[in-house]
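S.K.: Structure for the following, please:
(2 chains)
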Amino acid sequence: MLVLLGTVPEENFPVVAGTATLRKDTLALDGHEILVNRGTPALVAAASMACETLGLRTPFSFLVGDEGVGHGSRKLYEHLQRELPVMGSKVVTFHYLQPDVDWHNRILLALQEKGSLPTLIADAGYMYAAKMSGFASCYDLFTPDIGELAFLADEMAPHPFYTRGFVLHEEEKVLDLIQRAYNGENAAKTLLIKGTKDYICTKERIFATVDTPKVTSLEPIGGTGDMLTGLVAALVYAGYPVTEAATMAARANRLAGKLANPSPATQVAEIIKEVPEALERVLEEAAKGQEQTRPTKYAHG
Amino acid sequence: MALQALKRKKKAPKKRSPDRGFLAFENTSEVIKAESLVRANGWKVNVMGPPPELRTGCDLVIEFPLVEQLNILRLLEKNNLSPLEVVPVDDPLLKPVDLFITTDYGKHLMVRAANMKLTIDKETLTIVNISGGGCPDVPYLGARLVGKDLREAPSPKKLGHTLCGYALQLAYEEMKRQCSFC
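M.R.: So this is what the prediction gives:
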């Protein structure tokens, strides 16, 4: 089972759990209609479409309303501590939640008490909590953008809003930031770094880079990173190794963007619609053994 | 085995980055008022002695959950309490990101501050997209601000609750500055 969890931007939305159904631009879950725009609904929509394309079971989602105050997130944390360890999930993707280190640790401990951990993916607020907890290396994949990579690279930073001046949020510094993040034990086993060029890396090496097709207008579009996390979650669930799944997802995300022919004003729902075709093309490429870049070791260790 | 590793780490954790901040006030009376107010609104806070960097005359500071900075500051402001400084606990020398990256897409302009990006249509000044960030107020801010005119849109500081909201506020202010509205 692929489990996805996060928040929706509505204050009075209760904790709901189940398999979401995608209807045009909305998700239906447990009697609730949720607009697919950005955030966790975009993740759920993209992962659901990808699972359908891959012939997999639809993901199981846990959602709660939270406008940023944190009350909803804490209700969901409490629910997850009870429910998540007994689900027997294969892949769990943690997403938009109010970062809370204590709750993060309780959930990780509850999962570990059940024996071997599922494949753990963290993005957005939960990735912040995972880094701050000191247990980043328990995770299989983080999906930061360049600002979030700077936060992972700065062992003292409590949030991407606060990083020290010498940790620059610049793409030219990406290799240095990756090494700092791993040296400080603040990175997951694999990182998928979203940027002008996407980097897929482990502590030992850059596994791949993906920079085609170039769709410059994707960066301003809210939710394209969430969509990418949904794609990689589905591909990991399909059984691809995490590094390979991340490379394929980065490529599929860009292809979906190209197919949608977006402007910076396009909304992500328009791009998610292109997931099936983009993913089909990437699966064909993978079958032919095409890779963007061969793995390379870091220049200095 | 993994559980043992986690428990072992809990006993002797590696130095982790702070998730708490300090609020420094002008005097003790303000600290006490602020503590009562913040506690009454459901946050866990502690009153403690300040580190040397923060000794500004008052010998007490309030330790609070840093991610909720924007929310707590708004509550204090409503009640006429303004801290002199707000800093992360473990390193009071950490400063908010002040580097802005601007990308011109021709018809559209994007400004990034830390992990948050705000994009407008340059002709109509409509906010067309908000991206980045990881706290739960980001999708909420997107839902409230996208489609609004930059000159009339409520500021992210008024709607947001977290540091991501605060970062978006900086991007919003920088965008307004670049569009010469300030």
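S.K.: For chain A, tell me whether the longest helix seen in chain B is touching it.
M.R.: In chain B, with assignment by DSSP state H, the single longest helix is helix B:163-178. Yes: interface with chain A: helix B:163-178 contributes B:163-167 (C-beta under 8 Å from any C-beta of the partner chain). In short, each C-beta sits where N, CA and C put it, glycine included.
S.K.: Same list (those residues) but as TSV, adding pLDDT and neighbour count.
M.R.: What follows is those, written out as TSV (pLDDT from 0 to 100; neighbours: other C-beta atoms under 10 Å in any protein chain shown):
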residue	pLDDT	neighbour count
B:Leu163	81	29
B:Cys164	88	32
B:Gly165	88	28
B:Tyr166	83	26
B:Ala167	87	31
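S.K.: element containing the residue nearest the centre of chain A, please.
M.R.: Note on chain A: the residue nearest the mean C-alpha position is A:Thr229, at 3.1 Å, using C-alpha atoms, centre = their mean. Remark: A:Thr229 resides in helix A:224-237, with elements defined by DSSP states H and E.
S.K.: Now find how far off-centre that helix is within its chain.
M.R.: Distance, stretch centre to chain centre, for helix A:224-237: 6 Å (C-alpha atoms, centre = their mean, to the nearest Å).
S.K.: Point out the other helices and strands that it packs with.
M.R.: strand A:2-8, helix A:40-54, strand A:91-94, strand A:119-122, helix A:242-260, helix A:268-272, helix A:275-287, strand B:127-132 (3 or more C-beta pairs under 8 Å, 6 or more residues apart in numbering or on different chains; DSSP states H and E).
S.K.: Run the angle between that helix and helix A:40-54 for me.
M.R.: Here helix A:224-237 points in a direction 40 degrees away from that of helix A:40-54 (axes from the mean of the first three to the mean of the last three C-alpha atoms, to 10 degrees).
S.K.: Could I get the average pLDDT for helix A:224-237?
M.R.: The average of the pLDDT scores along helix A:224-237 is 97.
S.K.: ok, so what distance separates the closest residue to the residue nearest to the centre of chain A other than its chain neighbours from B:Ile62?
M.R.: In this structure, A:Thr229 finds its nearest non-sequential neighbour in A:Asp123, 4.4 Å apart by C-beta to C-beta, 6 or more residues apart in numbering or on different chains. A:Asp123 is 31 Å from B:Ile62, where distance means C-beta to C-beta, to the nearest Å.
S.K.: Comparing the two, which shows the higher neighbour count?
M.R.: Taking neighbours as other C-beta atoms under 10 Å in any protein chain shown, A:Asp123 and B:Ile62 compare with A:Asp123 leading, 31 against 26.
S.K.: I'd say the more buried one and A:Gly230 touch.
M.R.: No: using C-beta atoms under 8 Å, A:Asp123 is not in contact with A:Gly230, being 9.5 Å away.
S.K.: Now the residue of chain A found nearest chain B. Nearest residue, chain neighbours left out?
M.R.: Closest contact between chain A and chain B, by C-beta to the nearest C-beta, is at A:Gly68 (2.4 Å). Of all residues not flanking A:Gly68 in the chain, B:Asp137 sits nearest, at 2.4 Å (C-beta to C-beta, 6+ apart).
S.K.: The residue nearest to A:Val16 when sequence neighbours are not counted: neighbouring residues, count only.
M.R.: Nearest residue to A:Val16 in three dimensions, chain neighbours excluded: A:Asp30, at 4.2 Å (C-beta to C-beta, 6+ apart). If you count neighbours by other C-beta under 10 Å, A:Asp30 ends up with 13.
S.K.: Now do the contacts for A:Asp30.
M.R.: By C-beta atoms under 8 Å, 6 or more residues apart in numbering or on different chains, the residues touching A:Asp30 are A:16-18.
S.K.: right, and the helices and strands packed on helix A:224-237 - which one's nearest B:Gly21?
M.R.: strand B:127-132 (21.4 Å; C-beta to C-beta).
S.K.: Provide the contact partners of that closest one at residue level.
M.R.: Contacts of strand B:127-132 (C-beta under 8 Å, 6+ apart): A:38, A:145, A:147, A:219-225, A:264-267, B:108, B:112, B:115-121, B:138, B:141-142, B:145-150, B:153, B:164, B:168.
S.K.: In PyMOL, how would I select just the buried ones from those?
M.R.: To isolate in PyMOL the members of the contacts of strand B:127-132 that are buried, counting by 16 or more other C-beta atoms under 10 Å in any protein chain shown, one can use:
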select buried, (chain A and resi 38+145+147+219+220+221+222+223+224+225+264+265+266+267) or (chain B and resi 108+112+115+116+117+118+119+120+121+138+141+142+145+146+150+153+164+168)
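S.K.: can I get the residues of helix B:163-178 next to chain A in CSV with distance to B:Gly133?
M.R.: As requested, the residues of helix B:163-178 next to chain A are exported to CSV (distance: C-beta to C-beta, whole Å):
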residue, distance to B:Gly133
B:Leu163, 9
B:Cys164, 4
B:Gly165, 8
B:Tyr166, 10
B:Ala167, 7
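S.K.: Next, give phi and psi for the residue nearest to A:Gly68.
M.R.: phi -80, psi -10 (degrees, to the nearest 10).
S.K.: ok, it touching A:Gly65?
M.R.: No: counting by C-beta under 8 Å, B:Asp137 does not reach A:Gly65; the two are 11.9 Å apart.
S.K.: For B:Tyr105, give me its contacts.
M.R.: A:216-217, A:220, A:263-264, B:119.
S.K.: Next step: these restricted to strands.
M.R.: Among the contacts of B:Tyr105, the members found in strands (DSSP state E) are B:Thr119.
S.K.: quick one: which two of the contacts of B:Tyr105 are the most distant?
M.R.: Taking C-beta to C-beta, no two of those sit farther apart than A:Thr216 and B:Thr119, at 12.1 Å.
S.K.: contacting residues around residue 171?
M.R.: Defaulting to chain A. A:Glu171 touches A:146, A:195-197, counting by C-beta under 8 Å, 6+ apart.
S.K.: right idea, wrong chain: chain B
M.R.: B:100, B:111-113, B:116-118.
S.K.: is the host helix or strand of A:Ala150 anywhere near chain B?
M.R.: Secondary structure assignment for A:Ala150, by DSSP H and E: helix A:146-153. Yes: shown here: helix A:146-153 in contact with chain B (C-beta under 8 Å from any C-beta) through A:147-148, A:151.
S.K.: Return the item of those residues having minimum pLDDT.
M.R.: Lowest in pLDDT among the residues of helix A:146-153 next to chain B is A:Gly147, which has 85.
S.K.: wait, isn't that one in contact with A:Tyr162?
M.R.: No: counting by C-beta under 8 Å, A:Gly147 stays clear of A:Tyr162, with 11.5 Å between them.
S.K.: Would you pull up the residue in chain B closest to chain A?
M.R.: For chain B, C-beta to the nearest C-beta, closest residue to chain A: B:Asp137, 2.4 Å.
S.K.: Common neighbours of B:Asp137 and A:Gly65, please.
M.R.: A:Pro9.
S.K.: Which one's more surrounded, the two?
M.R.: Each of B:Asp137 and A:Gly65 has its neighbours counted (other C-beta under 10 Å); B:Asp137 has more, 31 against 23.
S.K.: ok now do that one, which residues does it touch?
M.R.: A:9, A:67-68, B:159-162, B:164-165.
S.K.: Could you rerun that using 7 Å?
M.R.: If a contact means C-beta atoms under 7 Å, 6 or more residues apart in numbering or on different chains, then B:Asp137 has A:67-68, B:160-162, B:164-165 as its contacts.
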